[in-house]
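In: Coordinates only, no sequence provided:
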């Protein structure tokens with residue numbers, strides 16, 4: 001995106017990529033359909049040490065701009081849920097779109113190019129020399145769009161962070177994000193046997209909540225709600241899980257059932273809102289009574305309902321960069337201009353996309369940040 005915009009302004013642009021093929025992350029995203037943006041993308045959907053940093057780029061290049069580009073190329077798409085836009089066909093269409101736009105703008109792309117050294121040259125104006133496996137290049141503007149550490153099997157590395165360190169830029173601590181949680185052995189035993197079972201949930205951590213599905217796995221938790229929560233979770237934090245988010249007050253609902261003369265078991269009633277396997281396991285752990293509802297202690301029942309609608313879990317960690325969708329953290333936004341993405345103390349050096357400490361929610365937000373930040377830098381490089 002940055003290359004396209006810069007070249008349209010008459011700049012001579014070369015895009016160097018160590019990969020053998022273009023757009024590896026695009027090709028595997030969205031189950032191969034590429035969730036290329038989100039209709040509701042706004043700064044509120046991003047995690048950063050500076051929550052205001054993304055405002056400038058996102059406001060100047062909103063999701064509607066990229067949708068226009070998709071429609072220009074005749075790519076069929078659909079909204080899956082929550083504003084998430086996916087290609088009807090393979091994600092290759094988005095790679096083809098970008099490659100075509102690059103070609104039309106006159107961008108030169110060189111794949112399988114390993115960067116060996118970057119030097120800042122002395123002189124009155126910014127100049128950089130890049131030594132590579134395919135020769136040496138000099139430029140006035142150097143844009144780092146190398147992404148993060150997530151999914152190393154398709155070529156992800158920490159190279160962008162190394163460049164930032166080389167030029168004295170601060171980094172925000174990195175962590176795997178939009179990733180599943182692993183649980184300690186005790187919690188794995190408590191929820192053993194539920195692997196493969198999913199449920200509608202409200203999951204909360206550090207003041208942020210998400211209402212989507214959670215999936216129990218052999219190692220812990222996955223599913224969209226878990227992935228969303230991982231973006232805001234730090235080691236040692238407690239997750240709060242509402243197993244019955246569709247009922248405002250589970251205890252009050254049970255009292256209404258009791259008043260109506262319902263003599264069902266609590267486990268049976270809980271199964272009206274949860275998969276029977278999950279309801280049974282929660283009762284095995286915290287409610288072993290087999291009495292009819294009218295004979296149960298209301299105080300004990302109220303405590304159990306609070307537990308079910310605010311279950312606390314402390315994950316042992318996340319699955320890791322091998323499966324994480326993104327990397328949280330990166331180049332500190334204090335080091336960059338929010339308008340141009342240029343390093344404040346290194347004129348001519350720019351950082352865009354995931355390498356920056358701006359990380360979006362699951363659902364097309366990270367691609368939208370890539371398009372917007374690349375576009376913003378492309379106006380000035």
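Out: Thanks, I have the structure now. Computed from a predicted structure; not experimentally measured.

In: And the helices in the stretch 51-200 of the chain?
Out: 55-60, 63-72, 92-105, 159-166, 185-190 (DSSP state H, counting those that start in this stretch).

In: which of the residues in the fourth one are buried?
Out: Just to be clear, that refers to helix 159-166. For helix 159-166, the neighbour count (16 or more other Cβ atoms under 10 Å) marks 159, 160, 161, 163, 164 as buried. Any C-beta I mention is one placed from the backbone N, CA and C, and that applies to glycine too.

In: between those residues, which is closest to residue 363?
Out: Residue 363 has its nearest neighbour among the buried residues of helix 159-166 in residue 160, at 23.7 Å by Cβ to Cβ.

In: Read off the pLDDT value for that closest one.
Out: According to the prediction, residue 160 has pLDDT 98.

In: my guess is it meets residue 349, correct?
Out: No: with contact defined as Cβ atoms under 8 Å, residue 160 does not reach residue 349; the gap is 11.4 Å.

In: so what sits against both of the two?
Out: The contact sets of residue 160 and residue 349 overlap at residue 144 (Cβ atoms under 8 Å, 6 or more residues apart in numbering).

In: any idea how far residue 113 is from the residue lying closest to residue 28 once chain neighbours are set aside?
Out: Excluding the flanking residues, the one nearest residue 28 by Cβ to Cβ, 6 or more residues apart in numbering is residue 154, at 6.7 Å. Between residue 154 and residue 113 the distance is 17 Å, computed by Cβ to Cβ, to the nearest Å.

In: same thing with residue 339?
Out: 30 Å.

In: Settle it for me: which of the two has more neighbours?
Out: Per other Cβ atoms under 10 Å, whichever of residue 339 and residue 113 has more neighbours is residue 113, with 19 against 13.

In: Give the full set of residues in contact with the more buried one.
Out: Residue 113 neighbours (Cβ under 8 Å, 6+ apart): 16, 17, 18, 132, 133, 134.

In: Quickly check the residues you listed for the two that are furthest apart.
Out: Farthest apart among these by Cβ to Cβ are 17 and 133. That separation is 11.8 Å.

In: and residue 77, what does it touch?
Out: Per Cβ under 8 Å, 6+ apart, neighbours of residue 77: 36, 70, 85, 86, 87, 88.

In: Next, the contact list for the last one, please.
Out: Pointing back at residue 88 there. Neighbours of residue 88 in contact, by Cβ under 8 Å, 6+ apart: 33, 75, 76, 77, 78.

In: And the second one, what's its pLDDT?
Out: It refers to residue 75. 98.

In: can you check the last one too?
Out: Residue 78 is assigned a predicted lDDT (pLDDT) of 98.

In: if I look at it, how far off is residue 365?
Out: From residue 78 to residue 365 the distance is 18 Å (Cβ to Cβ).

In: More neighbours: which of these two?
Out: Shown here are residue 78 and residue 365; by other Cβ under 10 Å, residue 365 has more neighbours (27 against 10).

In: got TSV for the helices of the stretch 51-200 of the chain, with distance to residue 234 too?
Out: What follows is the helices of the stretch 51-200 of the chain, written out as TSV (distance: least, Cβ to Cβ, whole Å):
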stretch	distance to residue 234
helix 55-60	24
helix 63-72	29
helix 92-105	33
helix 159-166	19
helix 185-190	18
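
In: Tell me which of those helices sits nearest to residue 334.
Out: The nearest among the helices of the stretch 51-200 of the chain, by Cβ to Cβ, is helix 159-166 at 12.2 Å.

In: contacting residues around the closest one?
Out: Residues contacting helix 159-166 (Cβ under 8 Å, 6+ apart): 115, 118, 144-148, 170-171, 174, 330-331, 335, 351, 355.

In: Check stretch 132-143 too.
Out: Contacts for stretch 132-143 (Cβ under 8 Å, 6+ apart): 2-3, 6, 11, 14, 16, 110, 112-116, 118, 121, 125-130, 348-352, 377, 381.

In: quick one: contacts for the residue nearest to residue 302 when sequence neighbours are not counted?
Out: Among residues not flanking residue 302 along the chain, residue 251 sits closest, at 4.8 Å (Cβ to Cβ, 6+ apart). Contacts of residue 251 were listed using Cβ under 8 Å, 6+ apart, and they are 301, 302, 305, 306.

In: which of the residues you listed has the most neighbours?
Out: Ranking these using other Cβ under 10 Å puts residue 305 first, with 22 neighbours.

In: Can you tell me the SS state at it?
Out: Of the three states, residue 305 takes helix under DSSP: H, G, I helix; E, B strand; the rest coil.

In: That one is in contact with residue 250, isn't it?
Out: Yes: counting by Cβ under 8 Å, residue 250 is a contact partner of residue 305 at 4.2 Å.

In: rewinding a little: can I get the contacts of residue 77 in a markdown table including distance to residue 221?
Out: What follows is the contacts of residue 77, written out as a markdown table (distance: Cβ to Cβ, whole Å):
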| residue | distance to residue 221 |
| --- | --- |
| 36 | 27 |
| 70 | 33 |
| 85 | 27 |
| 86 | 24 |
| 87 | 29 |
| 88 | 31 |
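
In: Buried members of those into PyMOL, please.
Out: Restricted to buried positions by 16+ other Cβ under 10 Å, the PyMOL selection for the contacts of residue 77 reads:
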select buried, resi 36+70+85+86+87
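
In: Which single one of the contacts of residue 77 is nearest to residue 187?
Out: Closest to residue 187, out of all of these and judged by Cβ to Cβ, is residue 86, at 33.7 Å.

In: I'd say residue 316 and residue 180 touch.
Out: No: in this structure, residue 316 is not within contact of residue 180 by Cβ under 8 Å, at 11.8 Å.

In: domain assignment for this structure?
Out: Domain ranges of the chain: 2-176+331-378, 181-318, per automatic domain parsing.

In: Export the ones you listed to a markdown table and append columns for distance to residue 324.
Out: Converted to a markdown table, those look like this (distance: least, Cβ to Cβ, whole Å):
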| stretch | distance to residue 324 |
| --- | --- |
| domain 2-176+331-378 | 4 |
| domain 181-318 | 7 |
